[in-house]
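S.K.: structure for this input, please:
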Amino acid sequence: MAEHARRTAAAWPAVAWVALGAVVPLLALAVGAAPGAVFQALPALGRSLALSLGVAAGAVLLALPSAAWLARGNGRWRTLFRAVLTVPLTFSGVVVGFLFIVLLGRAGALPRVLPFTAGWAYGMVGLLLAYLYFEIPRAVLALEGALRTVDLAALDEAAAVLGAGRLERVRRVHWPLLRPALVEVTGLAFSVSLGSYGVALLLAHRFEILPVAIYEQWAGLDHPEVAATFAVVLAATGGLANLVLQGRR
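M.R.: The predicted structure is shown next:
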């Protein structure tokens, strides 16, 4: 009983921080929101959801092989690879957006070799690649930590010795062990992408996603009540999506 009370008390600082940093501001935004603007947010929300789902799926799928390789041991090359992975995590969204303008802009480095890629930076493809640029390293490092906690190779070998086929081993061994980590990383990548702002502010010239729409309503059009509505919609969508994902763990 005493141990449970100590653990509960230890969680209170985090609970208080979340309440002050998220719940209270969201309640204030909800009070000042314009309910009729909810439907106005739907087109940008749809694009944000499509982008975030693509980034989350792509980051997890592309990160898994590298995470498995890193988890098998240490060594000079693995250490170097981890160091390289941390570089994109140090860049702000504006810096990442600028890098992709240099790479895939109308006069970027890649269009000089492949002219059909000119201007990709300003479309959905460029935004997706820019988000993957900083989401894949985060996913690799998170999945590596999860893979290090289990000897997946030994369990897979034992299942194979017992006669389990490849698909059965994936279904009965790999998936149950990796599912919590995969769900966690997917939720993190989805949430970060859904709320990311700096990259989209530079690159989203041909379409509008919800974080940029919030900025434009607040700073450009001077409609704070519409911006508040959009922000509540964004927060509710992210919270609901993560609640659903947590139920899949």
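
S.K.: residue nearest the centroid of the protein?
M.R.: The chain has Ala189 as the residue nearest its centroid, 1.6 Å off, counting by Cα atoms, centre = their mean.

S.K.: contact partners for it?
M.R.: With contact set as Cβ atoms under 8 Å, 6 or more residues apart in numbering, Ala189 has these partners: 52, 55-56, 59-60, 135, 138-139. Every C-beta, even on glycine, is put in place using the N, C-alpha and C of the backbone.

S.K.: ok, now how distant is Gly54 from Pro180?
M.R.: Using Cβ to Cβ, to the nearest Å, Gly54 is found at 23 Å from Pro180.

S.K.: so between those two, which is more surrounded?
M.R.: More crowded of Gly54 and Pro180, by other Cβ atoms under 10 Å: Gly54, with 17 against 13.

S.K.: tell me how far the more buried one lies from Val244.
M.R.: Relative to Val244, Gly54 is positioned 18 Å away (Cβ to Cβ).

S.K.: tally up the residues packed near Ala34, please.
M.R.: By other Cβ under 10 Å, the residues close to Ala34 number 15.

S.K.: look up how far Arg179 lies from the nearest residue to it once chain neighbours are set aside.
M.R.: Closest residue to Ala34 apart from its sequence neighbours, by Cβ to Cβ, 6 or more residues apart in numbering: Glu225 at 4.2 Å. In this view, Glu225 and Arg179 are 42 Å apart by Cβ to Cβ.

S.K.: neighbour count winner among those two?
M.R.: Higher neighbour count among Glu225 and Arg179: Glu225, with 16 against 12, using other Cβ under 10 Å.

S.K.: mind listing what's buried in the helix or strand containing that one?
M.R.: According to DSSP states H and E, Glu225 maps onto helix 224-246. Using 16 or more other Cβ atoms under 10 Å as the test for burial, helix 224-246 gives 225-235, 237-238, 241-242, 245.

S.K.: contacting residues for Phe230?
M.R.: By Cβ under 8 Å, 6+ apart, the residues touching Phe230 are 37, 40-41, 44, 210, 213-214, 217.

S.K.: is it possible to export the residues you listed to TSV including distance to Leu201?
M.R.: Below are those laid out as TSV (distance: Cβ to Cβ, whole Å):
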residue	distance to Leu201
Ala37	21
Gln40	20
Ala41	18
Ala44	13
Leu210	12
Ala213	11
Ile214	11
Gln217	14
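
S.K.: for this protein, longest helix please?
M.R.: Scanning the chain for the longest helix, with DSSP state H as the assignment, gives helix 38-71.

S.K.: angle of that one against helix 224-246?
M.R.: Interaxial angle of helix 38-71 relative to helix 224-246 (axes from the mean of the first three to the mean of the last three Cα atoms, to 10 degrees): 40 degrees.
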